[in-house]
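Novice: okay, predicted coordinates and the sequence, questions at the end:
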Amino acid sequence: MDNLNDLQRIWHTAKTDSLPGSNEIILMSKKYRNQKLAKKVATIIAGLLLTATMLATVFVYKSAMVTTRIGEGFIIIAGLMLVYTNTNSIGRFYRFKDYNNKNFLEFLMQTRVNQIYFHKKTQVIALAFCSAGLLLYIFEPAYGHPLFAIIAYPLIIIYILVLWLVVRPRVFKNQAEKLDKTINKLEQLAKQL
């Protein structure tokens, strides 16, 4: 019986101040869901507006070169990819409502897998279409004006390189760190339970 008393004493003296409570977990999961839904909806709206603007440009601007039309097409494809991937993702977040700790942790693990796939595959393809589209789109105005070409192309190439080499990796790193922090918090709680 002495072991049982020792075990009870250890159990009651364990410090659980650093562990989130059940209400905190529920609030954390709802906050995470709502933030992601809001970001996805905003991205879809922005993607639709930009794609619609490019479509309007296709009908309003009468280009003389086929490179301009190809560039417009590439930019529209990139916009549609953005809308499509976020629409698929929003369905997944919408179905996520009141998960328990284990289901929420599984949801976050799947989110991590999706995030890595998006960063390595989908985002690369969409950004490649958008970059090529932008470079092709400005070829027509640059063709007849060498000064414009000398100024515009280096600036656009620098912009694209900054997107590919600086912005894209930083955004992925920040998103991954936030997700890992949430996952670690839940895993600590699961280990304690």
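Specialist: Structure's in. What do you need? Residues are numbered from 1 along each chain as shown.
Novice: name the helix or strand for the residue most central in space within the chain, please.
Specialist: Centrality entry for the chain: nearest residue to the mean C-alpha point is residue 115, 6.9 Å, by C-alpha atoms, centre = their mean. In this structure, residue 115 sits in helix 101-117 according to DSSP states H and E.
Novice: OK, contacts around the residue nearest to the centre of the chain?
Specialist: 172, 175, 176, 179 (C-beta atoms under 8 Å, 6 or more residues apart in numbering). Bear in mind the C-beta positions are built from the backbone N, C-alpha and C, glycine included.
Novice: rerun at 7 Å
Specialist: 175, 176, 179 (C-beta atoms under 7 Å, 6 or more residues apart in numbering).
Novice: and residue 21, what pLDDT?
Specialist: The model reports residue 21 with a pLDDT of 58.
Novice: scan this protein for its longest helix.
Specialist: The single longest helix within the chain, with elements called by DSSP state H, is helix 22-60.
Novice: tell me which other helices or strands it touches.
Specialist: Under the contact criterion of 3 or more C-beta pairs under 7 Å, 6 or more residues apart in numbering; DSSP states H and E, helix 22-60 touches helix 66-95.
Novice: buried ones in the helix it packs on?
Specialist: Using 16 or more other C-beta atoms under 10 Å as the test for burial, helix 66-95 gives 67-68, 71-79, 81-83, 85-86, 89-90, 93.
Novice: relative to helix 22-60, how tilted is it?
Specialist: Inter-element angle recorded for helix 66-95 and helix 22-60: 160 degrees (by axes from the mean of the first three to the mean of the last three C-alpha atoms, to 10 degrees).
Novice: and helix 66-95, how far out from the chain middle?
Specialist: 13 Å (C-alpha atoms, centre = their mean, to the nearest Å).
Novice: the inter-axis angle of that helix versus helix 101-117?
Specialist: 170 degrees.
Novice: counting contacts, what elements does helix 66-95 pack onto?
Specialist: helix 22-60, helix 123-137, helix 139-143.
Novice: try 10 Å
Specialist: helix 22-60, helix 101-117, helix 123-137, helix 139-143 (3 or more C-beta pairs under 10 Å, 6 or more residues apart in numbering; DSSP states H and E).
Novice: just name the most buried of these.
Specialist: Ranked by average neighbour count under the criterion mean count of other C-beta atoms under 10 Å, the helices and strands packed on helix 66-95 are headed by helix 123-137 at a mean of 18.
Novice: other residues contacting that helix?
Specialist: Here helix 123-137 makes contact (C-beta atoms under 10 Å, 6 or more residues apart in numbering) with 50, 54, 57, 61, 63, 65-82, 84-85, 117-118, 142, 152-153, 156-157, 159-161, 163-164, 168, 171-172.
Novice: how near is the residue nearest to the centre of the chain to residue 51?
Specialist: When distance is defined by C-beta to C-beta, to the nearest Å, residue 115 is 23 Å away from residue 51.
Novice: kindly report the same for residue 151.
Specialist: 28 Å.
Novice: now residue 172
Specialist: 24 Å.
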